[in-house]
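1. Dropping a prediction and its sequence here:
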Amino acid sequence: MRLILLGPPGAGKGTQSVFLTKYFHIPQISTGDMLRSIMQSDSSIANDIKNIINAGKLVSDELIIKLVIDRISQNDCQNGYLLDGFPRNVFQAQALEKINIKINFVINIELSEKIIVDRISGRLIHPASGRTYHINLKPPINQGIDDITGEPLIQRDDDKVETVKNRLSIYYQKTKPLIDYYLSLSKLNNNAPKYLQISGLGTVEEVRDRILSHIL
Ligand code: AMP
């Protein structure tokens, strides 16, 4: 099963990815996570990537396409994978087609801008595990502290309100055209990925069940 998860930042892609990858026994390939791990490394591009991410902009297509192609050639991807955060524009989507990657479903999780800003700007994470909380929607037992390890929680720099607004405007400008792209592709060609439009409103389980009811 090869899946692409689309949707604005904060629509719940990360949460649904965890569920879908377990369900289908496939790895999650999150380009944002890959970039954040390079950002923390000693490499020469770490600083460039950090500046781009913290400004809410997109890193170069060339770099991201190389990272993804290398990753999906690895052994654990033989039975499929879930792409989270890639493609981010039509050029990146065409790069997948050029190397004949057959995607089964493109799942687009939709949510309004206001709900997104509330969701992301209240998000807290435990950096070591990636566990996420929300100031109002899913608060930790003790304020600012991870429930499991007792370590401090942080707000990702790119989750700050100003950066969220930049990320959203880039999403509407660059990533939204992907939706039209996949929609018309799925109408034209039976072998093309099936396009699913899913509302991101409601609980994690409700969104999950909506997705599964279309795939199974
Ligand atoms: P995410 O965690 O998917 O929201 O990604 C965080 C940041 O990483 C984005 O705001 C971009 O700066 C960068 N990024 C992630 N995926 C891509 C991609 N496919 N193309 C370009 N930049 C990306």
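-> Received the coordinates, thanks. Numbers count the residues shown, from 1 in each chain.

2. Leaving out sequence neighbours, find the closest residue to Asn136.
-> In space, and not counting its chain neighbours, Asn136 is closest to Gly122: 5.8 Å by Cβ to Cβ, 6 or more residues apart in numbering. To be clear about C-beta, it is placed using only N, CA and C from the backbone, and glycine gets the same treatment.

3. Skip the chain neighbours and tell me the closest residue to the closest residue to the ligand within the chain.
-> Nearest residue of the chain to the ligand: Gly32, at 2.1 Å (Cβ to the nearest ligand atom). Distances taken as Cβ to Cβ, 6+ apart place Gly85 nearest to Gly32, at 4.7 Å, with adjacent residues excluded.

4. How about the residues of this structure by the ligand?
-> Applying Cβ under 6 Å from any ligand atom, one finds that the chain approaches the ligand through 9, 31-32, 35, 52-53, 56-59, 64, 85-86, 88, 92, 158, 167.

5. Which ones among the residues you listed map onto helices?
-> Residues from the residues of the chain next to the ligand lying in helices, with DSSP state H as the criterion: 31-32, 35, 52-53, 64, 92, 167.

6. Show the contacting residues for the residue nearest to Ile141 when sequence neighbours are not counted.
-> The shortest distance from Ile141 to any non-neighbouring residue, by Cβ to Cβ, 6+ apart, is to Asp147 (5.2 Å). By Cβ atoms under 8 Å, 6 or more residues apart in numbering, Asp147 lies in contact with 131, 140-141.

7. Between the residues you listed, identify the one with the most neighbours.
-> Counting neighbours by other Cβ atoms under 10 Å, Pro140 leads the contacts of Asp147 with 17 neighbours.

8. check contacts around that one.
-> Pro140 makes contacts with 124, 133, 146-147, 153, as judged by Cβ under 8 Å, 6+ apart.

9. Among those residues, which pair sits farthest apart?
-> The span of the contacts of Pro140, defined through Cβ to Cβ, is set by Leu124 and Asp147 at 11.4 Å.
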